[in-house]
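[1] Turn this into a structure:
(2 chains)
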Amino acid sequence: MTSTTATELATQVYQVFIKATPEQIWDAIIKPEYTTKYFHGGRVETTGEAGTPMRMFGPDGQTWGDETIQESDPPRRLVVGWRSLYNDEMAAEERSRIAWEIEPRDDGTCLVTLVHDQLEHSPLTARSVSGEGWMGVLSGLKTLLETGRPMR
Amino acid sequence: MDDAHVFKALADPTRRHLLDRLFERDGRTLIELESGLEMTRFGVMKHLKVLEQAGLVVTRRRGREKLHYLNPVPIRLIHDRWIDKYTERRVSALVDLKHELEQTS
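    From the prediction side, this is the model:
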């Protein structure tokens, strides 16, 4: 495994095509009945409106995230801060930012892009979400929406 | 972004090399990516295009620069679709063998 430093992972971009409507994908991002099935069991709590809170709780009720939505354009774009409250060391790092982009296409699929940036001063968080982190979440989201089942 | 595009993109050593370079450091320009490659700019662009079509590379603009990012999700999907399936069968074969041996003993 090549060693990486903070600046190398300061912006991360993930993309996946999902056979679903933009509204279904939007719901899957902001509704707990979906997030518990693909986001490591995390239960999201939000209305999805800009300026309102977006929180995430672990299966045991532990707070995983406590942010305010920075930008919201349902069902196309959602921007929210990120601090990994599930880990003390990462929680002490600076807040980064994630942006969900949902682009419908002609073939009944949507291109879902997740950009996690502003990670320059959060090397532990950057390393933790790269690779398996977002990759697992996005492939889980695709599986859930396309098959109705969570991944094993 | 179907499996065929991903397999085709991964079948070429130059393209795998480009992915490895993005893995080492993500968000690079074409100029950075073509340095150290014995290939014309046009050749590198062609390879990047194939990687983009397969969804393995995503480009984003930052000011006047076009940056290339490694998108590992298609590889993960291939892993889920192809590798998990076969390792699962092997594991379950071992479990079956265990049951069988334990029953006969």
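[2] Do you have the helices of the chain handy? List them.
    I went with chain A, as the question did not name one. A:22-30, A:32-38, A:88-91, A:123-129, A:132-147 (DSSP state H).
[3] hmm, I had chain B in mind actually
    Going by DSSP H, chain B shows helices at B:3-10, B:13-24, B:30-34, B:41-53, B:73-78, B:84-104.
[4] Centroid-nearest residue for chain B?
    The centroid of chain B falls nearest to residue B:75 when counting by CA atoms, centre = their mean (4.4 Å).
[5] Isn't it up against residue B:7?
    No. With contact defined as CB atoms under 8 Å, residue B:75 does not reach residue B:7; the gap is 10.5 Å. Glycine gets a C-beta too; all of them are placed from N, C-alpha and C.
[6] thinking again about what came up before, ok, now which ones touch the residue nearest to the centre of chain B?
    B:6, B:10, B:56 (CB atoms under 8 Å, 6 or more residues apart in numbering or on different chains).
[7] Now do the first one: how many residues are near it, please.
    Think residue B:6. The tally of other residues near residue B:6 (other CB atoms under 10 Å in any protein chain shown) stands at 19.
[8] Kindly report the same for the second one.
    By the other CB under 10 Å criterion, the neighbourhood of residue B:10 contains 18 residues.
[9] Is it correct that it is in contact with residue B:18?
    No. Using CB under 8 Å, residue B:10 makes no contact with residue B:18, being 11.0 Å away.
[10] Tell me the residue of chain B that sits nearest chain A?
    residue B:69 (3.9 Å; CB to the nearest CB).
[11] That residue: what's it in contact with?
    Neighbour list for residue B:69: A:11-13, B:22, B:26-27, B:57-60 [criterion: CB under 8 Å, 6+ apart].
[12] Relative to residue B:98, which of those residues is nearest.
    residue A:12 (42.0 Å; CB to CB).
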